[in-house]
Structure formats: C-alpha cells, structure tokens
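>>> only geometry, no sequence info:
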Ligand SMILES: [Zn+2]
C-alpha cells in the first residue's frame, strides 16, 4: 500500500508563490531601475548593464510616446505623471485600448483654438490655448532594459527616459558614449599601425553583451539660481570597469535575455476613460459595480452631497421637532396666559432636555409636522 496521499505541501506553496504574476497585475519595484533621488539626497550612482529591450530584438532601445501631465498630489508626490499615448505608441493592445487619446485630442483642439485666436488677433487667448496645446503634446520616450549591478537577483529592470532635443537624456548619452568609444578604439588602432586599420580590426562596442562594459549612471539633483534644490535631476553616463560579459553564467544570461516581461507590462497604458479623468485634473477610481472608471472627486462630491442632504434631513427633523415643541410651548403660553404664577423663565430656558419632560398629552400628532409654521 502506498503512503502517497495528496496534500498541500510547502513545495507546492513555494512554487505557487514563485509563479510569475500575470502581466499588468501589480506594481513591483524590482521591475524598475530606481533613478529617483530620495528626499534630501542630492546625488547617487547606479551601475548597470544594458540588455536588448525585449527578447524579440537586438536593439537596446524602444521608442514609445507619452504625455507628461500635471496630476493631483494624490497620484504623484512630484505632481507629475507620464501616461502612454494611445494614439502614437505601437505595441500596445490597441484592440482593447483603441487609438484615441484624450491628451492628443486636447492638444489638437487647443491648437485649433490658438490658430483661431491668432486670426482674430486675440493675443491673450492665443497664448492661453498655446500653453494648453503644449501641455498636452506627446513626447518621445525611450525605454531600456538592464541588469542592475548588485541587484542581479532582481532580474531585468526597465528604465525610461524622455528623449530631449538638447541630447542630455540617457538614450542620447549612451549613444554618444558608444560612438566615442568606437572612434577611440579606431583611432588607437590606427596610431599603433602606422595610420592604417589592421586587417580584421573590430572596433569597440561598449554595449556588446560579451565584450562590452558596465555603465555607471550618476544622477544629480538640479539646483536653482538661488542654490535651492529642485525636483529636477540630471544624469551622466560613464563606462565602469573592464570589458566583461553581462553574466559569468551563460544560463543566467539566457534567462535574462529571454525574460517574458516587456516594457508594456511595467509602463502600463491606461484606457481612454481613465486618461480623460486625468485630463480633467481628477483622480480615477474604478467603479466595480458599473465596471468603469469614474472620477474619485466626483464620487466624493456626490458622497458629500448625500452626506449634506442626510445632515440636512436630520437637522430638518430636529428643526421640526423643535418647532413642534415650540408650538406646544406657545399653546402652553396661550392656554396658561392667565396663570401669572407660571415662571416665564422656565419657558425661556426651554431646551432639548425639556422636550421629554413636557406632558405627553400636550404633544401634537406627528402628522402636524409638515404644517407650515
Ligand atoms: Zn496621445
């Protein structure tokens, strides 16, 4: 007879807890390279090694488009948040999300209104719509995937950078460094070989997975003219250490290269309705009953209105009760008019506590409540 009996074993539980979460499920800090500075921190360095941006490409860069929007502090401490542009970004679930983007729509509407104002020589309106248009334009963003040195166990991490026209963004800096190192290696080889490139010469590729180099990122806080710290940071990149493979272990590198996680699992595109609420400067809230996104503020407003209505109703009841009691008091007064000995003070001091002390026979019927007083 076998001793085997089915059971929920620790092994099964370990396996379950290790199981990869379905994509889009939950925020996991390990998925992101943390380039943010903590409060009071003015500089930090991170060592990384770039990987191809997903398992289906050799490129380290993925171009997406985002809108950087001022949001409620409830959503972001800095007051700013980036949202994937549903119109311009490829490789998102357009079947589910569509191609309409509320920010792009606002950008277009504001642009048209700006042009109209310009025609009408209305400078104030022109300026106003221009600003709104700019606030809602889509921006090119580059996503990269890397291994963070010292945190290899976390697996691949994603990082995004706004592509800037002044080329001070991480993508442009990495491309510059790649080109510089390549040129340097060519120049040196030629110098060592009487001005000609040796046969079969391979220039340095700083991003090569086997012979490339780690990169050191330095993130520094930007200070304003008065020397006060701002929320902005700048970034610089330098090669770190000698040429070496991403991982000493081939199977580990394979695992990293073939990791299923893609950029859209970590920078999740939000649906149109959600973004519309953001555009209105509100906080989205998922209404499970109706299966849709609603504005938390509006829910709050409605709740407040309901509360006020309830309070009003309660105070109405209180008022009516008090009026009723007052009426009784008056009746008392009228009936007892002749009774000079009745202390008037007592009536003046009438308060809630007296209510129940009133003789019950004096109480009016409830249906008198609604009589105009
Ligand atoms: Zn857009």
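Happy to help now that I have it. Since we're looking at a predicted model, the values are computed, not measured.

>>> Over to the residue of the stretch 251-373 of the chain found nearest the ion. Which of the three states is it?
Residue nearest to the ion within the stretch 251-373 of the chain (Cβ to the ion): residue 275, separated by 8.3 Å. (C-beta placed from N, C-alpha, C; glycine too.) Three-state assignment for residue 275 (DSSP: H, G, I helix; E, B strand; the rest coil): helix.

>>> Tell me who's in contact with the residue lying closest to it once chain neighbours are set aside.
Nearest non-adjacent residue to residue 275, counting by Cβ to Cβ, 6 or more residues apart in numbering: residue 102, 4.8 Å away. By Cβ atoms under 8 Å, 6 or more residues apart in numbering, the residues touching residue 102 are 272, 275, 276, 278, 279.

>>> Give me the buried subset of the residues you listed.
275, 276, 278, 279 (16 or more other Cβ atoms under 10 Å).

>>> was I right about the first one contacting residue 101?
In other words, residue 275. Yes. Using Cβ atoms under 8 Å, residue 275 makes contact with residue 101 at a distance of 6.9 Å.

>>> now the longest helix seen in the chain, how far from the centre of its chain.
Criterion DSSP state H: the longest helix present in the chain is helix 296-335. Between the centre of helix 296-335 and the centre of its chain there are 42 Å (Cα atoms, centre = their mean, to the nearest Å).

>>> how about the residues of this structure near the ion?
85, 87, 101, 103, 104, 138 (Cβ under 5 Å from the ion).

>>> Out of these, who's the most crowded?
Counting neighbours by other Cβ atoms under 10 Å, residue 101 leads these with 27 neighbours.

>>> show me the contacts for that one.
Residue 101 is in contact with 67, 85, 86, 87, 88, 138, 272, 275, counting by Cβ under 8 Å, 6+ apart.

>>> roughly how far apart are it and residue 159?
Using Cβ to Cβ, to the nearest Å, we find residue 101 at a distance of 24 Å from residue 159.

>>> Including pLDDT and secondary structure, could the residues of the chain next to the ion go into CSV?
Listed next are these as CSV, based on pLDDT from 0 to 100; DSSP: H, G, I helix; E, B strand; the rest coil:
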residue, pLDDT, secondary structure
85, 98, coil
87, 97, coil
101, 98, coil
103, 98, helix
104, 98, helix
138, 97, coil
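
>>> residues making contact with the longest strand seen in the chain?
In the chain, assigned by DSSP state E, the strand with the most residues is strand 229-240. Strand 229-240 has contacts (Cβ under 8 Å, 6+ apart) with 35-37, 42, 47, 78, 161, 168-170, 173-174, 177, 181, 206, 213-224.

>>> Next: stretch 67-84.
Contacts of stretch 67-84 (Cβ under 8 Å, 6+ apart): 64-66, 85, 92, 101, 103-104, 135-139, 141, 160, 162, 231, 264, 267-270, 275, 278-279, 281-283, 296.

>>> and these, which of them are in strands?
Using DSSP E, the contacts of stretch 67-84 in strands are 64, 65, 66, 139, 141, 160, 162, 231.

>>> Out of those residues, the closest to the ion would be?
For these, the nearest to the ion is residue 65 (6.6 Å; Cβ to the ion).

>>> need the contact list for that closest one.
Here residue 65 is in contact with 84, 85, 87, 88, 89, 138, 139, 140, 141 (Cβ under 8 Å, 6+ apart).

>>> Now the last one: closest residue in space, sequence neighbours ignored.
Which is residue 141. Closest residue to residue 141 apart from its sequence neighbours, by Cβ to Cβ, 6+ apart: residue 66 at 4.7 Å.

>>> For residue 150, see how far away the closest residue to residue 159 other than its chain neighbours is.
Closest residue in space to residue 159, ignoring its immediate chain neighbours: residue 33 at 4.1 Å, by Cβ to Cβ, 6+ apart. Between residue 33 and residue 150 the computed distance is 12 Å (Cβ to Cβ).
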